[in-house]
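Undergrad: Return a 3D structure for these sequence lines:
(one chain, ligands or ions: 1)
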Amino acid sequence: MSEFPVADRYFARFLADRVPFALLRRHATAGAQEDQVLRDVDDWVPDTRGSVSRAIVFPLDSDLEEITAAEAEAVQRMVADREYRPLSKAPAVTPWEAQGCAVCRRQWETSERPQFIAENAADHSALYRCTECRTWWLLSERAAAAVQADDIRPNYHEYLSD
Ligand SMILES: [Zn+2]
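TA: Here you go, the predicted model:
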């Protein structure tokens, strides 16, 4: 038996916009491997159609795309949540009603705007902060969005005292 470390390989099938709808893996254990399809949360069944083998041997002819273990984890969370989102590096979009508080959302909706903090010409953005809930808001060319301090630190570090 070989002693080299074994790792699972993951494959996904995507709809448009990289929304995953199937997750498969080559599950490796010491000295053995099995190709499997995720049927439900933590429920892997054998890949009886040989999809994983095909993806490995003929990657260009396969409709599966190999993904990282971290991406596979993200897909499994989607399965658990019963909510499928595009698989991308970008953070999940927070719905408008979940951003900031009623006060600052209303300020944007009425173009009154939360308190202006600074703008960054190079980033084409401006930073605002709600005096009620202390949420940071970044106004970009496209839209205003509630952001975390860490997201804006590269451009606005001198304003992020707390
Ligand atoms: Zn607020």
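Undergrad: For this protein, which segments count as strands?
TA: According to DSSP state E, the chain carries its strands in the segments 9-14, 20-29, 32-40, 43-46, 65-67, 115-120, 125-129, 136-139, 144-147.
Undergrad: and residue 158, which of those strands is closest to it?
TA: For those, proximity to residue 158 was assessed by Cβ to Cβ; strand 115-120 is nearest, at 8.1 Å. (Glycine included, C-beta is placed from N, CA and C.)
Undergrad: buried sites along the closest one?
TA: Buried residues in strand 115-120, defined by neighbour count with 16 or more other Cβ atoms under 10 Å: residue 117.
Undergrad: neighbouring contacts of it?
TA: The contact list for strand 115-120 (Cβ atoms under 8 Å, 6 or more residues apart in numbering) reads 125, 126, 127, 128, 129, 130, 131, 136, 155, 156, 159.
Undergrad: re earlier: got the strands of the chain as JSON lines, with distance to residue 87 columns?
TA: As requested, the strands of the chain are exported to JSON lines (distance: least, Cβ to Cβ, whole Å):
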{"stretch": "strand 9-14", "distance to residue 87": "7"}
{"stretch": "strand 20-29", "distance to residue 87": "5"}
{"stretch": "strand 32-40", "distance to residue 87": "14"}
{"stretch": "strand 43-46", "distance to residue 87": "19"}
{"stretch": "strand 65-67", "distance to residue 87": "7"}
{"stretch": "strand 115-120", "distance to residue 87": "30"}
{"stretch": "strand 125-129", "distance to residue 87": "26"}
{"stretch": "strand 136-139", "distance to residue 87": "24"}
{"stretch": "strand 144-147", "distance to residue 87": "21"}
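Undergrad: hmm, back to that, now the two most distant members of the contacts of strand 115-120.
TA: 131 and 155 (21.6 Å).
Undergrad: between these two, who's got more neighbours?
TA: Between residue 131 and residue 155, counted using other Cβ atoms under 10 Å, residue 155 has the larger neighbour count: 16 against 10.
Undergrad: Quick check: that one vs residue 34, distance?
TA: 48 Å (Cβ to Cβ, to the nearest Å).
Undergrad: thinking again about what came up before, would you list the strands of the chain in a markdown table and tack on distance to residue 103 and mean pLDDT?
TA: Shown next, in a markdown table, are the strands of the chain (distance: least, Cβ to Cβ, whole Å; pLDDT from 0 to 100):
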| stretch | distance to residue 103 | mean pLDDT |
| --- | --- | --- |
| strand 9-14 | 40 | 94 |
| strand 20-29 | 37 | 93 |
| strand 32-40 | 42 | 94 |
| strand 43-46 | 45 | 96 |
| strand 65-67 | 41 | 91 |
| strand 115-120 | 11 | 96 |
| strand 125-129 | 12 | 96 |
| strand 136-139 | 12 | 95 |
| strand 144-147 | 12 | 90 |
